[in-house]
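Trainee: Next input, structure requested:
(one chain, ligands or ions: 2)
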Amino acid sequence: MSTLVSPELEQQAIGWRRHLHANPELSFEEVETSRFVEETLGSFDGLEIGRPTPTSVVATLRGARPGRVLALRADMDALPIQEETGLEFASTRAGVMHACGHDGHTAMLLGAAKVLAGRRDELAGELRFLFQHAEETPPGGARELVAAGVMDGVDLVVGAHLASLKPVGTIGVPVGPMAAAADIFTAEVRGEGGHAAAPHKALDPVVVAAQVVTNLQHLVSRTVDPIASAVVSVTLFHAGTAGNVIPEAVQLGGTVRTFDPEIRRSVRVGMERIFRGITEAHGATFTLDYQEGYNAVVNDPAAAELVAAAARAELGDAAMIEVEPIMGGEDFSAYLEKAPGAFFWVGAGHEDAIPHHHPRFTIDEAALRSGIAVFVRTALDYLA
Ligand SMILES: [Zn+2]
Ligand SMILES: [Zn+2]
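Mentor: Numbering: from 1, shown residues only. Ligands and ions are numbered 1, 2, ... in the order given. Below you'll find the predicted structure:
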């Protein structure tokens, strides 16, 4: 087991995490959270602390000698969920909960900053600790931090996410794609309303929109390479007010998830073609609003190997697990547009573990120790 993280520091990290857990804040509203992070960082030696946006914090640690620049990132926001865990440090804010583990991410990066601030003499180069706001809500905080210049001069960026469904003590570092591009769309199919007993005098948008939904399923099954992957999910289909009235219009919505930029583009183009073709065929009209969300997170092979080697060195070969890419989105991708990097999973599972974004989501806090150790060893190795 890693000796980089003392029992005292582990207890401190758990304390930070519990404080944050009890006081969650939504995306772009991390006022108390960022103040807490700034104050805690201020109690460590030798950090230069900045506020690139109102609710984010970036701390810089300059090593004893010149060298490369490594950025380490944690996200800090919570979700609009009413907590039901019954924990003694459960959320004190109605309808807001750290149900994705970002409280743990913040505590892990604070812990890593404390250890590394104490080992400044061993570092050649510069460390930048990115405490990011608003990961859960597009357009996301990462983009704003990049625009504020936090990635200027950075050679490598590393981030982590707790995983409640992976055993505590494990680490997963995928090579290549690991989180999908997550786009959303809303649409309207317009016909002409009328009496349900006289459909020939109306233009029923329900049957047209139903055809659109059916045809959208052809995009993935018939136009995407079966070895590659994509998801098109229509999750909203709203129309009508009465059993004897043909409505004027149908509102649709859903999400598109892809890894490959070319597939992402072709699905989007195909979606417009299907809406146009089907509505035209039946004399209806449509509007389609397609919003590009976070880009896919694709780990650089060399960066992934650096992190995996650090994890093996600190936690042993048995800690390493294979992890499949997820179709969820993660705005860490915004940093990867500026520098290569890697995003890794920190197993935080226990017997009664429940998925993220659930009112009874919890983590095994022993995971924090593993996450800190991997961050610290990665930094020590990269800036050796
Ligand atoms: Zn989340
Ligand atoms: Zn998350």
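
Trainee: For the closest residue to G193 other than its chain neighbours, give its distance to L203.
Mentor: If the residues on either side of it in the chain are set aside, G193 comes closest to E248, at 4.3 Å by Cβ to Cβ, 6 or more residues apart in numbering. Yep, even glycine has a C-beta here, placed from its N, CA and C like the rest. The gap separating E248 from L203 is 9 Å, by Cβ to Cβ, to the nearest Å.

Trainee: What of E322?
Mentor: Distance from E322 to L203, by Cβ to Cβ: 53 Å.

Trainee: Let me see the ranges of the strands in the stretch 1-150 of the chain.
Mentor: For the stretch 1-150 of the chain, the strands defined by DSSP state E, counting those that start in this stretch cover 48-50, 57-62, 65-75, 124-132.

Trainee: Pick the most deeply packed of these.
Mentor: strand 124-132 (a mean of 24; mean count of other Cβ atoms under 10 Å).

Trainee: Out of the strands of the stretch 1-150 of the chain, the one nearest R17 is which?
Mentor: Evaluated over the strands of the stretch 1-150 of the chain, closeness to R17 peaks at strand 65-75, with 11.2 Å, by Cβ to Cβ.

Trainee: From the contact counts, what lies against that closest one?
Mentor: Judged by 3 or more Cβ pairs under 8 Å, 6 or more residues apart in numbering; DSSP states H and E, the packing partners of strand 65-75 are helix 102-117, strand 124-132, strand 156-167, helix 366-382.

Trainee: Report the angle between that strand and strand 156-167.
Mentor: Counting by axes from the mean of the first three to the mean of the last three Cα atoms, to 10 degrees, strand 65-75 lies at 40 degrees to strand 156-167.

Trainee: related to what we said a few turns ago, neighbour count for E322 and L203, which is higher?
Mentor: Neighbour count, other Cβ atoms under 10 Å: between E322 and L203, L203 has more, with 19 against 7.

Trainee: Mark out where each domain of this structure begins and ends.
Mentor: Domain assignment for the chain by automatic domain parsing gives 7-178+297-382, 181-291.

Trainee: looking at those domains, which is buried most?
Mentor: domain 7-178+297-382 (a mean of 20).

Trainee: and the residue nearest to V234 when sequence neighbours are not counted, what does it touch?
Mentor: Distance criterion Cβ to Cβ, 6+ apart; nearest residue to V234, sequence neighbours excluded, is G254 at 4.1 Å. Applying Cβ atoms under 8 Å, 6 or more residues apart in numbering, we find G254 in contact with I184, F185, V232, S233, V234, T235, L236.

Trainee: Without its sequence neighbours, what residue ends up closest to the spatially most central residue of the chain?
Mentor: For the chain, the residue sitting closest to the mean C-alpha position, by Cα atoms, centre = their mean, is E330 at 2.6 Å. Excluding the flanking residues, the one nearest E330 by Cβ to Cβ, 6+ apart is A179, at 4.2 Å.

Trainee: how many other residues sit next to that neighbour?
Mentor: 25.

Trainee: quick one: it and E324, what's the gap?
Mentor: Distance check for A179 against E324: by Cβ to Cβ, it reads 11 Å.

Trainee: ok, now G254?
Mentor: According to Cβ to Cβ, G254 and E324 sit 23 Å apart.

Trainee: May I see the domains of the chain organised as a markdown table, with mean pLDDT added?
Mentor: Shown next, in a markdown table, are those (pLDDT from 0 to 100):
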| stretch | mean pLDDT |
| --- | --- |
| domain 7-178+297-382 | 97 |
| domain 181-291 | 97 |
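
Trainee: returning to that earlier point: which one, of the strands of the stretch 1-150 of the chain, ends up nearest to A304?
Mentor: Going by Cβ to Cβ, the one of these nearest A304 is strand 65-75, 14.6 Å.

Trainee: Starting from the closest one, tell me which strands it pairs with and how they run.
Mentor: Looking at strand 65-75 with DSSP bridges, its partner strands are strand 124-132 (parallel), strand 156-167 (parallel).

Trainee: for these, which one sits closest to H105?
Mentor: strand 156-167 (6.5 Å).

Trainee: Contacts only, for V57.
Mentor: Taking Cβ under 8 Å, 6+ apart, we find V57 in contact with S34, V37, E38, L41, I49, G50, R51, F131.

Trainee: Specify which member of these is nearest to L116.
Mentor: L41 (11.6 Å).

Trainee: Identify the residues contacting the closest residue to the closest one other than its chain neighbours.
Mentor: Excluding the flanking residues, the one nearest L41 by Cβ to Cβ, 6+ apart is A59, at 4.8 Å. Neighbour list for A59: L41, L47, E48, I49, G50, A113, R128, F129, F131 [criterion: Cβ under 8 Å, 6+ apart].

Trainee: which outside residues touch stretch 33-41?
Mentor: For stretch 33-41, the external contacting residues (Cβ under 8 Å, 6+ apart) are 16, 19-20, 23-25, 47, 49, 51, 54-57, 59, 76-77, 106, 110, 113, 129, 131, 133.

Trainee: what do you get if the cut-off is 10 Å, keeping everything else the same?
Mentor: Contact with stretch 33-41 is made by 12, 16, 19-20, 23-25, 30, 47-51, 53-59, 61, 74, 76-78, 98, 102-103, 106-107, 109-110, 113-114, 117, 129, 131-133, as judged by Cβ atoms under 10 Å, 6 or more residues apart in numbering.

Trainee: Would you mind writing the CA trace of that stretch as PDB?
Mentor: Provided in PDB are the C-alpha atoms of stretch 33-41 (Å, rounded to 0.1, in the frame of the first residue of the first chain):
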ATOM      1  CA  THR A  33     -17.200  25.500  -2.100                       C
ATOM      2  CA  SER A  34     -14.700  27.500  -4.000                       C
ATOM      3  CA  ARG A  35     -14.100  29.700  -0.900                       C
ATOM      4  CA  PHE A  36     -13.500  26.600   1.200                       C
ATOM      5  CA  VAL A  37     -11.000  25.200  -1.400                       C
ATOM      6  CA  GLU A  38      -9.200  28.600  -1.600                       C
ATOM      7  CA  GLU A  39      -8.800  28.700   2.200                       C
ATOM      8  CA  THR A  40      -7.700  25.200   2.500                       C
ATOM      9  CA  LEU A  41      -5.100  25.600  -0.300                       C
END
